[in-house]
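Student: Fold the following, please.
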Amino acid sequence: MDKPPNDRFWRRLKIFQWFWGKTWRRAFDVREQVLVTEEAMHLLLAALVGIVGGVVNVLFLYAIEGLKILTLRNPGDLVSIAEILSPWQRFLIPALGGLAAGLVLHWGLKWVNRGSTNFIEAVVAGDGRLRFGPGMVRGFSSLLSIASGASIGREGAIAALSATIASKLGQFAKWPPYRLRLLVGCGASAGIAAAYNAPIAGAVFAAQIVLGNFSMNIFAPLVTASVVATLVSRSFFGVQPWYTVPGFDFTHLSQLYWFLLLGIFAGVVGTMFLKMVEECKNLFARFKLPIYGNLMLGGLVVGAIAIGWPEVWGNGYTATNRILTHQMAVTVVLGLFFAKLIATVVAVGAGTIGGVFTPTLFLGAGGGCAFALVLHQAGYATELPTHTFALVGMGSVLAATVHSPLLAMIMMFEISLNYSMMPPLMLSCVLATLIARRLHPDSIYTSALKHRELESSMDSTTLGAAHHHKIGDVMQAPVPPVRDNALLPEIAGRFLRQTFNYLPVVDKNERLIGLVALHDLKPHLNAADELNSVIASDIMIPVPVMLVPGQLVLDALPSLLRSDQRNIPVINNLKERKMVGAVSKSEALGLLSEAIAANTRLRPMG
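Tutor: So this is what the prediction gives:
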């Protein structure tokens, strides 16, 4: 006889309860043994940022193509478009594009809250927070400039947008500054890797230029973000190298002699480019025009040059390929070189949003090709093809501009996939960097920080500087400040509710101007009627010690030792003095003591 349906139901329910009880206990046992470490968490976040960087690259490229179809009625390469346009169109279109890009900046930045959009500054002098609104405005402005023929690269905007989105994701999650800075680095790494199909160069760029740190817990997420972004981009655009040139086997030391001279020449070219950019920025600043006026004026200059040299439109990719694959007279190459040099200097000096990697590569190709043609006409180095000098010149001028020979070597290998050029490329890049550093101490990136009285540690000469902690890596949230007009009862209440022995004092512009010490407050507490007549500025003292995020903890040791504050304020820079964090004196000294102990254990005996 069959059992009643209700009996079958209850029996199945008991079996399910027994199975579920046994399973969930086992699941919890497994969960207790599988712990997600911080390193694993960072790798997962880096993979997510890599997807963001790849998608940003794809969307940005399609947006450029859409704008070209809408405004120029032609898709494809900008130089090819410029060559079929009439001279007056070549002249006016960059100016109109500059005007539109400038108006976007002028009005857009008024509608959104201002904030830092420079991802290197956010790491060196900030807590890794990038403002989303200004970042999108600047990205749209860059889009308009690039689509209308500005002599600028797209990689800067792609890296900045990727870093901004990554930072915003971290801000939504309310993550601490050290993780936000890592996310910014991963975004920059992903953007460069996706833009150039160069995952190694993307990771090296973020580690050396942005974060100034090659330690494994930093480099591993950067590599992850680069690889993921590159694969996302490759799924749309394939794996073709940017530049294709025949290989050449270097088998004799005598063949390298000429590339040492090329390295010296490239160092001078890179220095000339950097100094011209600075002077051009100063020139536009003296005009005192609004930003849209500067960008329109810069567009007029680019357009005027494009009447005779349409190759100056765009980032220089097409012109570089022509130099690498076509035979040209030295006068034509020199004409292209100086035309592109002036167009790029004016575009950057006017304030156009974009990157300088690809235009710099063109300057290197033009300079290297002209160098080879002059040698060949004089009867020297005739056995060495012209394109070898052009390709090595590309990497050498890039190295001189960014002051990073390692980045330039890797970048040139990845975008050409030509390993045969590595011996002369390595020597020339190193020599060009040494020459450029001697003639111009600041790179294209550190010069922007220098104007804001900031300092990057990417070129630190301290032994093992890449493995040292920075103030930004150990800083916490800032001690909540009081206004300079805060009354004594309010200050006393703050000391009673918190454990700080000092309170920072800020003015109406949130600029740090002093400290109120707990022991200085005690003499005033016996006053009765006078309590409401004493304000913070009456009893504050000058700030004895201030730190900046990019400073090495080791360099801050003297300041830490002489301070009697438990929490030392961290400011964005010495000029603006905006508080971005605080460093616990005990934690910083503990970190240094651990490093000293580890160094002592590793030191050989005898």
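
Student: all contacts plus neighbour counts: C-alpha atoms, from now on.
Tutor: Will do.

Student: Mind listing what's buried along the one helix or strand residue 42 maps to?
Tutor: Assigning secondary structure by DSSP states H and E places residue 42 in helix 38-72. Neighbour counts using 16 or more other CA atoms under 10 Å place 42-43, 45-58, 60-61, 63-68, 72 of helix 38-72 among the buried residues.

Student: The stretch 201-350 of the chain: helices as residue ranges?
Tutor: 216-237, 257-287, 291-308, 317-325, 330-350 (DSSP state H, counting those that start in this stretch).

Student: would a markdown table of the ones you listed with mean pLDDT and mean neighbour count be doable?
Tutor: Output for those, formatted as a markdown table (pLDDT from 0 to 100; neighbours: other CA atoms under 10 Å):
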| stretch | mean pLDDT | mean neighbour count |
| --- | --- | --- |
| helix 216-237 | 92 | 23 |
| helix 257-287 | 94 | 20 |
| helix 291-308 | 95 | 24 |
| helix 317-325 | 89 | 19 |
| helix 330-350 | 94 | 22 |
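
Student: Let me have the ones you listed in a markdown table, adding distance to residue 543 as columns.
Tutor: Below are the helices of the stretch 201-350 of the chain laid out as a markdown table (distance: least, CA to CA, whole Å):
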| stretch | distance to residue 543 |
| --- | --- |
| helix 216-237 | 33 |
| helix 257-287 | 34 |
| helix 291-308 | 37 |
| helix 317-325 | 52 |
| helix 330-350 | 37 |
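
Student: Quick one, which of these gets closest to residue 412.
Tutor: helix 317-325 (13.1 Å; CA to CA).

Student: other SSEs contacting the closest one?
Tutor: Identification of packing neighbours for helix 317-325 by 3 or more CA pairs under 8 Å, 6 or more residues apart in numbering; DSSP states H and E yields helix 357-377, helix 386-402.

Student: same thing but 7 Å
Tutor: If you count contacts as 3 or more CA pairs under 7 Å, 6 or more residues apart in numbering; DSSP states H and E, helix 317-325 packs onto helix 357-377.

Student: Looking at the helices of the stretch 201-350 of the chain, which is nearest to residue 435?
Tutor: helix 257-287 (5.1 Å).

Student: I'd like to know how far the residue nearest to residue 94 when sequence neighbours are not counted sits from residue 100.
Tutor: Once flanking residues are discounted, residue 94 sits nearest to residue 299: 4.6 Å by CA to CA, 6 or more residues apart in numbering. Computed as CA to CA, to the nearest Å, the residue 299 to residue 100 distance reads 11 Å.

Student: ditto for residue 53
Tutor: With CA to CA as the criterion, residue 53 and residue 100 are 26 Å apart.

Student: cool, residue 235 as well?
Tutor: For residue 235, the distance to residue 100 - CA to CA - is 33 Å.

Student: can you check residue 570 too?
Tutor: Going from residue 570 to residue 100 by CA to CA gives 39 Å.

Student: More neighbours: which of these two?
Tutor: Legend: neighbour count by other CA atoms under 10 Å for residue 570 and residue 100, higher for residue 570 (28 against 19).

Student: quick check, that one in a strand?
Tutor: Yes - judged by DSSP: H, G, I helix; E, B strand; the rest coil, residue 570 forms part of a strand.

Student: okay, now the domains of this structure?
Tutor: 38-237, 254-465, 470-602 (automatic domain parsing).

Student: Just give me how far the last one sits from the chain centre.
Tutor: In other words, domain 470-602. Centre-to-centre, domain 470-602 and its host chain are 30 Å apart (CA atoms, centre = their mean, to the nearest Å).

Student: can you check stretch 102-111 too?
Tutor: With CA atoms, centre = their mean, you get 23 Å for stretch 102-111.

Student: What lies in contact with it?
Tutor: Residues outside stretch 102-111 that contact it (CA atoms under 7 Å, 6 or more residues apart in numbering) are 134, 137, 138, 141, 291, 292, 295.

Student: Alpha carbons of it, in PDB - could you do that?
Tutor: Taking Å, rounded to 0.1, in the frame of the first residue of the first chain, the C-alpha atoms of stretch 102-111 are listed here in PDB:
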ATOM      1  CA  GLY A 102      37.900  75.100 -24.700                       C
ATOM      2  CA  LEU A 103      34.200  75.900 -24.200                       C
ATOM      3  CA  VAL A 104      33.600  72.500 -22.800                       C
ATOM      4  CA  LEU A 105      36.300  73.100 -20.300                       C
ATOM      5  CA  HIS A 106      35.200  76.700 -19.600                       C
ATOM      6  CA  TRP A 107      31.500  75.900 -19.000                       C
ATOM      7  CA  GLY A 108      31.800  72.200 -17.900                       C
ATOM      8  CA  LEU A 109      34.200  72.900 -15.000                       C
ATOM      9  CA  LYS A 110      31.800  75.600 -13.800                       C
ATOM     10  CA  TRP A 111      28.900  73.100 -13.700                       C
END
